[in-house]
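> sequence-free structure coming up:
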């Protein structure tokens, strides 16, 4: 047995966790750069809490609140230029995956002033400013990964920007997720489940990631009843948040696998939310997975007895209303088949026809 495990992010969990731990910010510098979206962090109280904590700690701050869903390199470059001009010392990303992912890339671009949106994806290993993560959704797990997914409009795709930036601290306060509508709650919950499953059915899985996956699937299963009913308690929201963070720890070691790579064109070209883009492929993806013992253990941990029960469950969460042609499906399959980096974590041989059929049977 040979493997490596590395997870440097401190995780603090609980209500009022940021304000109660304002001293944690002091070691990072005298000027913070808050990166967030346009509205949600103001509505859910997370931005107010961060500002309050910084003021208690006597730390100056600058706010950039223009990060869009699926952040573009253009927006990231704009934010980085402001950060350079303001001479900020560290970054605080507040929000879902988009602001926190953007924060990681901004942290690299500020530290390496010569970088531009045209060179960031081709650069070797680089240092970054310190990043602190304040997740306000329960799906991406980016608060405990080194990855950042950005939109490359030049090449019309979403990509991992290729650097490794783990947040130094992740503050998890489930109250920030209470303002999410049911649709977003479901999409992000499916995203976290997809991370767990892809980390479990992965060439890089090991004894530690398996233990985390089995526990986090079980934790996720405890949320199913309220996800279906739509009446989601604070206790369940915390479980979803912790499961998402655990999922991040898993894929930080293993990477994601086929559904993520296959889902990116659905998000880019069809504007399907990331979690839903992955989740809608899972019924067909798990059918072609050959190690049935591992797949059936997932069913068992979810409290299910068969694939048909999983299909019934996922159908409640992954309904799509899109028009897609067979030609589009072929284009997506061709791109996936030719990108060996997106195939390498799948632990079994898979054919072009199987990839095509996952798309076709999921989307038509």
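Cool, got the structure. What you see is a predicted model; the values in this text were computed from it and never measured.

> can you give me the helices in the stretch 201-350 of the chain?
Counting by DSSP state H, counting those that start in this stretch, the stretch 201-350 of the chain forms helices over residues 207-221, 224-229, 234-254, 258-270, 274-279, 282-288, 292-301, 307-317, 326-338, given from the N-terminal end onward.

> which residues are contacting the second one?
Around helix 224-229, the neighbours that count as contacts under C-beta atoms under 8 Å, 6 or more residues apart in numbering are 185, 186, 189, 232, 233, 236, 302, 303, 313, 316, 317. Any C-beta I mention is one placed from the backbone N, CA and C, and that applies to glycine too.

> Can you give me the buried ones in it?
Taking 16 or more other C-beta atoms under 10 Å as the basis for neighbour counts, the residues of helix 224-229 that come out buried are 224, 226, 227.

> And the last one, by the same measure?
Applying a neighbour-count criterion of 16+ other C-beta under 10 Å, the buried positions in helix 326-338 are 328, 329, 332, 333, 336.

> From residue 15, how far out is the closest residue to the first one other than its chain neighbours?
In space, and not counting its chain neighbours, residue 328 is closest to residue 269: 7.5 Å by C-beta to C-beta, 6 or more residues apart in numbering. Remark: distance between residue 269 and residue 15 (C-beta to C-beta, to the nearest Å) = 40 Å.

> Ok, residue 160 next?
Plainly put, residue 160 is 33 Å away from residue 15 if you go by C-beta to C-beta.

> okay, these two: which has more neighbours?
Between residue 160 and residue 15, counted using other C-beta atoms under 10 Å, residue 160 has the larger neighbour count: 17 against 12.

> got a pLDDT number for the more buried one?
Looking at residue 160, its pLDDT stands at 87.

> surely it meets residue 151?
No: under the contact definition of C-beta atoms under 8 Å, residue 160 does not touch residue 151, with a separation of 11.8 Å.

> Against residue 29, how distant is the residue of the chain most remote from its centre?
Of all residues in the chain, the one whose C-alpha sits farthest from the chain's mean C-alpha position, using C-alpha atoms, centre = their mean, is residue 58 at 31.6 Å. With the distance defined as C-beta to C-beta, residue 58 ends up 12 Å from residue 29.

> What of residue 130?
Relative to residue 29, and taking C-beta to C-beta, residue 130 is found at 8 Å.

> Residue 158 is in what secondary structure piece?
In this assignment (DSSP states H and E), residue 158 forms part of strand 157-160.

> Return the distance of that strand from the chain's centre.
Its chain's average C-alpha position is 13 Å from that of strand 157-160, according to C-alpha atoms, centre = their mean, to the nearest Å.

> now do stretch 119-131
19 Å.

> Can you measure across it, start residue to end residue?
This stretch, stretch 119-131, spans 21 Å end to end (C-alpha to C-alpha, to the nearest Å).

> That stretch - what's its average pLDDT?
pLDDT averaged over stretch 119-131 gives 91.

> now the closest residue to residue 47 other than its chain neighbours, what's its secondary structure?
Counting by C-beta to C-beta, 6+ apart, the nearest residue to residue 47 once its immediate chain neighbours are dropped is residue 41, at 4.0 Å. Put simply, residue 41 is helix when judged by DSSP: H, G, I helix; E, B strand; the rest coil.

> surely residue 41 meets residue 35?
No: applying C-beta under 8 Å, one finds residue 41 not in contact with residue 35, separated by 9.8 Å.
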